[in-house]
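Student: just need the structure, nothing else, for what follows:
(one chain, ligands or ions: 2)
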Amino acid sequence: PREVLAIVGESGSGKSVAMLAVMGLLPNTATVKADRMAFDGIDLLALSPSERRKIVGKDISMIFQEPIASLNPCFTA
Ligand SMILES: Nc1ncnc2c1ncn2[C@@H]1O[C@H](COP(=O)(O)OP(=O)(O)O)[C@@H](O)[C@H]1O
Ligand SMILES: [Mg+2]
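Tutor: Ligands and ions are numbered 1, 2, ... in the order given. Down below sits the predicted model:
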């Protein structure tokens, strides 16, 4: 809380893929490994897909590249 973390790296260095892994949005052909992947004290890797979907989109969200296509001023958060 009250902190912003920025991950900066050159294009193609894996920033988007890393965040897709946190979101659980990589295809099931991807292998996701982490010593720890927790959000708000919840171990994301221990959740079932349906439990995870309750958090992703609500408490964790992602603005994809080309934000003009992702953000619609007609809708609030
Ligand atoms: N952890 C990874 N393991 C294997 N391939 C990866 C990994 N991270 C990124 N890549 C490959 O590199 C490409 C570019 O990564 P991406 O996350 O889109 O970079 P960025 O968002 O930093 O520009 C991906 O499409 C994927 O092919
Ligand atoms: Mg990217």
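Student: check contacts around the residue nearest the centre of the chain.
Tutor: Centroid check for the chain by Cα atoms, centre = their mean gives Met23 as the closest residue, at 3.2 Å. If you count contacts by Cβ atoms under 8 Å, 6 or more residues apart in numbering, Met23 has them with Val56, Ile60, Met62. Using the backbone N, CA and C atoms, a C-beta is placed for each residue, glycine as well.
Student: check Val17 too.
Tutor: By Cβ under 8 Å, 6+ apart, the contact set of Val17 is Leu26.
Student: quick one, helices of this structure?
Tutor: Taking DSSP state H as the test, the helices found in the chain are 15-23, 49-55, 67-70.
Student: what's the neighbour count on Leu44?
Tutor: 21 (other Cβ atoms under 10 Å).
Student: sorry, that was for Leu20
Tutor: Count around Leu20 with other Cβ under 10 Å applied: 17.
Student: which parts of this structure sit against ligand 1?
Tutor: In this structure, the chain approaches ligand 1 at residues Gly9, Ser11, Gly12, Ser13, Gly14, Lys15, Ser16, Val17, judged by Cβ under 6 Å from any ligand atom.
Student: buried ones among those residues?
Tutor: If you count burial by 16 or more other Cβ atoms under 10 Å, none of the residues of the chain next to ligand 1 comes out as buried.
Student: mind showing which ranges of this structure have poor pLDDT?
Tutor: Along the chain, the parts satisfying pLDDT under 70 run over 77.
Student: what ranges do the strands span in it?
Tutor: 38-39, 42-43 (DSSP state E).
Student: just to revisit the earlier point, distance of the residue nearest to the centre of the chain from Arg53?
Tutor: Relative to Arg53, Met23 is positioned 10 Å away (Cβ to Cβ, to the nearest Å).
Student: likewise Ala18?
Tutor: The separation that Ala18 has from Arg53, given Cβ to Cβ, amounts to 20 Å.
Student: higher neighbour count, those two?
Tutor: Ala18 (15 against 12).
Student: can you pull the contacts of the more buried one?
Tutor: With contact set as Cβ under 8 Å, 6+ apart, Ala18 has these partners: Ile7.
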